[in-house]
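*Asks:* I would like the atomic coordinates for the input below:
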Amino acid sequence: MKLLLELMKSDGVCEERSLSDERKTRPLKRSRRFCCSQRRAFTLIEMLLATVLSSILIAGILVATAALSRDRIRMESRQTTTPAAIDLIRKDFANAIAFVGAIDPAGFELIGFSGIDAKSLLPNQRLVRIKYRIIRDGRSGILVRDQAYLDDPVRVDRWSDAVALNVVRIGIVPLSADGEIVHLGEDVGERLLAIDRGKTIPQAVRVPSRLRVRIEYVASVIDRDMVLR
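*Replies:* Coordinates of the predicted model:
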């Protein structure tokens, strides 16, 4: 009998413990479900906005990459087809009035009716100051053509264009003796001073009728004799 009573008591205690354990675990399960139900997912508008922003970013990267590759191909083609740089210089000489300042291996400057439209890249025959210079990066550099209008004191419209790559030096040698000194007008002289922010008007010498242009690249040299008039 005593053994039976002890078994019954132990069963009752076990049942009470199981009931109490179940009651304790119920709130935990409910709280977990409640927490899980409160987690916020991405909305459709947020997903669309993220997609649009990523598309814009990718498009910008593609445009920049295409522009860089296009400029690289254009300048490499100018170097491989070297007459392009020489032809541009010859056209500027043919329409030039005079050299301005000294001619050195780093470049030269001239004035004349050799204007080129910056958008269409077509000649417009306007009076311009043209400056060829080498932007160096070590031993060689990029031959650049700078242009500024002299026939409009308000809209100078400066712009530059790369002419050739891997240029070491450029030289101009007169082959005729008709390169006399030219006196620039006051208007042209003042505009040259305004463009270059100089203090004195540089000396101008007429472009000779015959001259030689020498462009030295890293791996090649181009010599051209030009008859301008």
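*Asks:* what pLDDT, on average, does the helix or strand harbouring A85 get?
*Replies:* Per DSSP states H and E: A85 is located in helix 83-94. What helix 83-94 shows for mean pLDDT is 88.
*Asks:* what helices or strands is it leaning on?
*Replies:* helix 44-80, strand 107-112, strand 140-149, strand 159-174, strand 210-217, strand 221-227 (3 or more Cβ pairs under 8 Å, 6 or more residues apart in numbering; DSSP states H and E). Where C-beta positions appear, they are placed from N, C-alpha and C, glycine not excepted.
*Asks:* redo that, cut-off 7 Å
*Replies:* strand 159-174, strand 210-217, strand 221-227 (3 or more Cβ pairs under 7 Å, 6 or more residues apart in numbering; DSSP states H and E).
*Asks:* and it, how far from the chain's centre?
*Replies:* Per Cα atoms, centre = their mean, to the nearest Å, the displacement of helix 83-94 from the mean C-alpha position of its chain is 25 Å.
*Asks:* do the same with stretch 146-161
*Replies:* 20 Å.
*Asks:* for the chain, what helix or strand is lowest in average pLDDT?
*Replies:* Using mean pLDDT, DSSP states H and E, helix 2-38 stands out as the lowest-scoring helix or strand of the chain, at a mean of 50.
*Asks:* how far away is the residue positioned nearest the centre of the chain from V163?
*Replies:* Nearest to the mean C-alpha position of the chain, by Cα atoms, centre = their mean, lies L68 at 7.2 Å. For L68, the distance to V163 (Cβ to Cβ, to the nearest Å) stands at 18 Å.
*Asks:* same deal with E109?
*Replies:* Counting by Cβ to Cβ - E109 and V163 are separated by 15 Å.
*Asks:* quick one: low-confidence ranges for the chain?
*Replies:* Flagging of the chain using pLDDT under 70 yields the residue ranges 1-40, 70-83, 197-199.
*Asks:* let me see the domain layout of it.
*Replies:* As assigned by automatic domain parsing, the chain contains the domains 2-78, 81-227.
*Asks:* okay, those domains, which one's buried deepest?
*Replies:* Most buried of the domains of the chain, by mean neighbour count (mean count of other Cβ atoms under 10 Å): domain 81-227, with a mean of 16.
*Asks:* for the nearest residue in space to V167 that is not next to it in sequence, list each beta-bridge partner.
*Replies:* Spatial nearest neighbour of V167, chain neighbours left out: L143 (4.4 Å); criterion: Cβ to Cβ, 6 or more residues apart in numbering. Applying DSSP bridges to L143 yields these beta-bridge partners: I134, A164.
*Asks:* the helix holding A85 vs strand 221-227, what angle?
*Replies:* Helix 83-94 and strand 221-227 meet at an angle of 30 degrees, taking axes from the mean of the first three to the mean of the last three Cα atoms, to 10 degrees as the criterion.
*Asks:* give me the angle between helix 83-94 and strand 210-217.
*Replies:* Using the same axes, to 10 degrees: helix 83-94 against strand 210-217 is 150 degrees.
*Asks:* fine, thanks again, bye for now.
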